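Student: Give me a model of this one.
(2 chains)
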Amino acid sequence: MVAYLAKRFLTLICVMLVMTMVVFALMHAVPGGPFDQTQQPLPKPAMENIMRKYGLDQPIWRQYLNWLWAVLHGDFGTPFSQPTMTVTGLIAQAWPATLIIGAWTIGISYIGGVVLGCIAALKHNTWVDRILTSTVSTAGIALPNYVVGFVLITVFGVRLGWLPVGGWGQPQDVILPVVAFSLYPLALMARYTRATTLEVTYADYVRMGRARGLSERRLTFRYVLRTALIPLITIMGPNIPNILTGSIFIEATFAVPGLGSYFTTASLHRDYPLILALVLIVAALWGTCYILSDVAYTVLDPRVRLEGLSR
Amino acid sequence: MLEIDDLRVSFPLERGMLYAVRGLDLTVRAGERLGVVGESGSGKSVSAAAIARMVPAPGRISSGHIRFDGSDVIGLPERDLRRLRGGQIGMIPQSPQTSMNPVITIEAHFQEALALHLGLSKAQSSDRTIELLRSVGIPDPGSRMRGYQHQLSGGMRQRVMIALAIACEPRLLIADEPTTALDVTIQAQILELFDRLVAESDLASILITHNLGIVAGHCDRVVVMYAGKVMETATVAELFARPSHPYTLGLLRCVPRLTAARTRTFATIPGSPPRVTEDAPGCPFAPRCDRVTAQCRTETPELLRIGARADGSGFASGEHSVACWHPVEFGEVA
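Tutor: Down below sits the predicted model:
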């Protein structure tokens, strides 16, 4: 297991290295630069000074190596758009808000979605199932989260005045963004859970278990859910990075000072060091979640084994 | 031991009803080996499921009586029903490939059943599992039982399913086409095993099949089903010697024989079994029968016992009943 994990993480590092090269090349291939000024151009010497200061006057391969060398020493550089900070400092400041919302969202949507999906499947074709499937989960998938966000703000923030309309700092600020952000993954989980559970409900081995006199309770938990929930790892794992890196819509709607907006603004500002740092975060999260998903499979499903590893 | 009386099972459809079993009468005596024969859709599997009240939803038993050892199965509360399933009635599945829980060990299957019906402890059930697996011919049962179903071949899985079916010492074993999903060479081994276990533990058994050849070698008595009804029932020897229903005769003609003259085609019964969506009077086999008359289409023939005939061509061995207005007379067909 240790050897397997070491191999997987080594591969992940290689992937990240290649990704930074591609992104580096792409960033510089796009027209425009971080200090282009259309309205009040700086004098040429001043411009050259800035370019020299940030090393932008050097050949691209050199810039890349410089960046890589610095990163390996823990220095991710200075964001061009906020020269008074470091990239590391900026992310450390913005990410916690996003992580708090993300963690709550994952908890609520994964647990809630699985529970609702199971209920819908076990009450298949009853009114409970119909309401859950046709109304809740369809709405959750179809409605964009900023629309849900505005509705929540109008109802709970403005009309009822129960919760703050936005902002960050008090504990209750978390509630509305989390609700708005959870709806889509919750609906997704509920749909998948219902589908996989229904499939297993009518499986031969459940029927044979019943023929041996097992109780419906035992059949539900040990025969149906135990096998039906395994494929959900495939949906759950890869959605984690999406949620943990935040949503620009949610953060803009609720005025949350999170990481989500930087994914857009960093590219717009050609903020090279910030873009690269964000790419590394996403790549590391994705890679780790996939590795963890694969490991979870081997733990939960005896039919799956790690490559080149015997039990 | 098992008595089924006028059993009816129906499935509601989008529009109307599907009548899967229409007035089934059937008895199995202790130690008897009954064969139930019929084409796909004749209601044989549904009837077998109904014995332990396992008709798949939305189907339901609409009327009739099922008595097992004198107790009424239809009225049995859930708790007692579960004691019956597995404890008194063992079932062997059609497709062993998909009949075991893929994520629990083989041993766990035995353990939960043995704890439930016989109250065995973990250690006791381990010993019993090894013994059971050995008796069905699983090599190295001690280590095999710690594995999972995907590590076994199809034939091995069916052996395990058989061991599981007899684990809690049931009195009746129901096998629903137990060899259909297996290779021909494995089929014979599985049937042999089935026979041996039934004989050793003096079990009653119901073997459901569409293959009359299997019935000939492995049953004492046969019930021929068609469109949810019993067409004919007799002892195996009797049925093969004097088939009385035109449908039975048709089925017998379909069995290929090595000794018969070489032909280019297999014998068949023209047409296919009906999907019964209205319980109309008349013989269900009438549309495919070559002896059909006007009476067959309007009046339902009852299952009647065939007695000795005036010309002396009596039926020596036990009971023989047929539901036909124009049964095939003895000696009529070579």
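Student: and the residue in the stretch 151-300 of chain B that chain A sits nearest to, what is it in contact with?
Tutor: Residue nearest to chain A within the stretch 151-300 of chain B (Cβ to the nearest Cβ): residue B:164, separated by 6.9 Å. Placement of C-beta: from N, CA and C, glycine included. For residue B:164, the contact set (Cβ atoms under 8 Å, 6 or more residues apart in numbering or on different chains) comprises A:212, B:90, B:109, B:110, B:113, B:132.
Student: quick one: pLDDT of the residue nearest to the spatial centre of chain A?
Tutor: Using Cα atoms, centre = their mean, the residue of chain A that lies closest to the mean C-alpha position is residue A:242, 1.7 Å off. With respect to pLDDT, residue A:242 has a value of 90.
Student: near chain A, which residues of the stretch 1-150 of chain B show up?
Tutor: B:52, B:54, B:56, B:82-87, B:89, B:91, B:93, B:95, B:98-105, B:112-113, B:116-117, B:148, B:150 (Cβ under 8 Å from any Cβ of the partner chain).
Student: Helices - which of these land there?
Tutor: B:82, B:83, B:84, B:112, B:113, B:116, B:117 (DSSP state H).
Student: ranking these by neighbours, who comes first?
Tutor: residue B:113 (24 neighbours; other Cβ atoms under 10 Å in any protein chain shown).
Student: okay but that one is in contact with residue B:166, surely?
Tutor: No: counting by Cβ atoms under 8 Å, residue B:113 sits too far from residue B:166 to count as a contact (10.6 Å).
Student: coming back round to it: please convert the buried members of the contacts of residue B:164 into PyMOL selection syntax.
Tutor: Entered in PyMOL, the line below selects the buried ones among these, by 16 or more other Cβ atoms under 10 Å in any protein chain shown:
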select buried, (chain A and resi 212) or (chain B and resi 90+109+110+113+132)
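Student: Sort out which one of the contacts of residue B:164 lies nearest residue B:76 for me.
Tutor: residue A:212 (16.5 Å; Cβ to Cβ).
Student: which residues touch that closest one?
Tutor: Contact analysis of residue A:212 by Cβ under 8 Å, 6+ apart lists B:85, B:86, B:91, B:112, B:113, B:116, B:164, B:168.
Student: For the third one, which non-adjacent residue is closest in space?
Tutor: Meaning residue B:91. residue A:211 (4.2 Å; Cβ to Cβ, 6 or more residues apart in numbering or on different chains).
Student: most centrally placed residue in chain B?
Tutor: Centre-nearest of chain B using Cα atoms, centre = their mean is residue B:208, 2.5 Å out.
Student: what's that one sitting at in phi/psi?
Tutor: Torsion angles at residue B:208 (phi, psi; degrees, to the nearest 10) stand at phi -100, psi 130.
Student: Residue B:34 too?
Tutor: Main-chain dihedrals, residue B:34, degrees, to the nearest 10: phi -100, psi 140.
Student: Check the gap between residue A:182 and chain B for me.
Tutor: 29 Å (Cβ to the nearest Cβ, to the nearest Å).
Student: Now for that residue, how many residues are close by?
Tutor: Residues within reach of residue A:182, counting by other Cβ under 10 Å, total 25.
Student: and it, what is it in contact with?
Tutor: By Cβ under 8 Å, 6+ apart, the contact set of residue A:182 is A:104, A:105, A:108, A:109, A:112.
Student: show me the residues around the first one that make contact.
Tutor: Read it as residue A:104. So residue A:104 contacts A:174, A:178, A:182 (Cβ under 8 Å, 6+ apart).
Student: And the third one, by the same measure?
Tutor: Counting by Cβ under 8 Å, 6+ apart, residue A:108 makes contact with A:178, A:182, A:186.
Student: Retrieve the pLDDT associated with it.
Tutor: If you check residue A:108, the pLDDT there is 95.
Student: try the first one
Tutor: Residue A:104 carries a pLDDT value of 95.
Student: What secondary structure category should be reported for it?
Tutor: Judged by DSSP: H, G, I helix; E, B strand; the rest coil, the three-state class of residue A:104 is helix.
Student: helices and strands around the longest helix anywhere in chain B, which ones?
Tutor: When chain B is parsed with DSSP H, its longest helix is helix B:184-200. Packed against helix B:184-200 by the contact rule (3 or more Cβ pairs under 8 Å, 6 or more residues apart in numbering or on different chains; DSSP states H and E) you find helix B:154-166, strand B:172-176, strand B:204-209, helix B:212-218.
Student: Mind checking the pLDDT average for that helix?
Tutor: 89.
Student: related to what we said a few turns ago, including distance to residue A:256, could the contacts of residue A:108 go into CSV?
Tutor: Listed next are those as CSV, based on distance: Cβ to Cβ, whole Å:
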residue, distance to residue A:256
A:178, 10
A:182, 15
A:186, 19
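Student: any idea which of these is the one closest to residue A:145?
Tutor: Closest to residue A:145, out of all of the contacts of residue A:108 and judged by Cβ to Cβ, is residue A:182, at 8.9 Å.
Student: Let me know the secondary structure of that closest one.
Tutor: Residue A:182 ends up helix, using three-state DSSP.
Student: How about the contacts made by the closest residue to residue B:249 other than its chain neighbours?
Tutor: With Cβ to Cβ, 6+ apart as the criterion, residue B:249 has its nearest non-adjacent residue at 4.6 Å, and that residue is residue B:243. Residue B:243 makes contact with B:232, B:249, B:252, B:328, B:333, according to Cβ under 8 Å, 6+ apart.
Student: Give me the distance between residue B:243 and residue B:321.
Tutor: Relative to residue B:321, residue B:243 is positioned 13 Å away (Cβ to Cβ, to the nearest Å).
Student: anything in contact with each of the two?
Tutor: Common contact partners of residue B:243 and residue B:321 (Cβ under 8 Å, 6+ apart): residue B:232.
Student: mind checking pLDDT for residue A:222?
Tutor: 93.
Student: Now the longest helix of chain B - C-alpha only, PDB.
Tutor: Extracted C-alpha coordinates of helix B:184-200, given in PDB (Å, rounded to 0.1, in the frame of the first residue of the first chain):
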ATOM      1  CA  VAL B 184     -23.500 -28.400 -20.200                       C
ATOM      2  CA  THR B 185     -20.700 -30.500 -18.600                       C
ATOM      3  CA  ILE B 186     -21.300 -28.700 -15.300                       C
ATOM      4  CA  GLN B 187     -25.100 -29.100 -15.500                       C
ATOM      5  CA  ALA B 188     -24.800 -32.900 -15.100                       C
ATOM      6  CA  GLN B 189     -22.500 -32.500 -12.100                       C
ATOM      7  CA  ILE B 190     -24.900 -30.000 -10.400                       C
ATOM      8  CA  LEU B 191     -27.900 -32.200 -10.900                       C
ATOM      9  CA  GLU B 192     -26.000 -35.200  -9.600                       C
ATOM     10  CA  LEU B 193     -25.100 -33.300  -6.500                       C
ATOM     11  CA  PHE B 194     -28.700 -32.100  -6.100                       C
ATOM     12  CA  ASP B 195     -29.900 -35.700  -6.300                       C
ATOM     13  CA  ARG B 196     -27.400 -37.000  -3.900                       C
ATOM     14  CA  LEU B 197     -28.200 -34.300  -1.300                       C
ATOM     15  CA  VAL B 198     -31.900 -34.800  -1.700                       C
ATOM     16  CA  ALA B 199     -31.500 -38.600  -1.200                       C
ATOM     17  CA  GLU B 200     -29.100 -38.300   1.800                       C
END
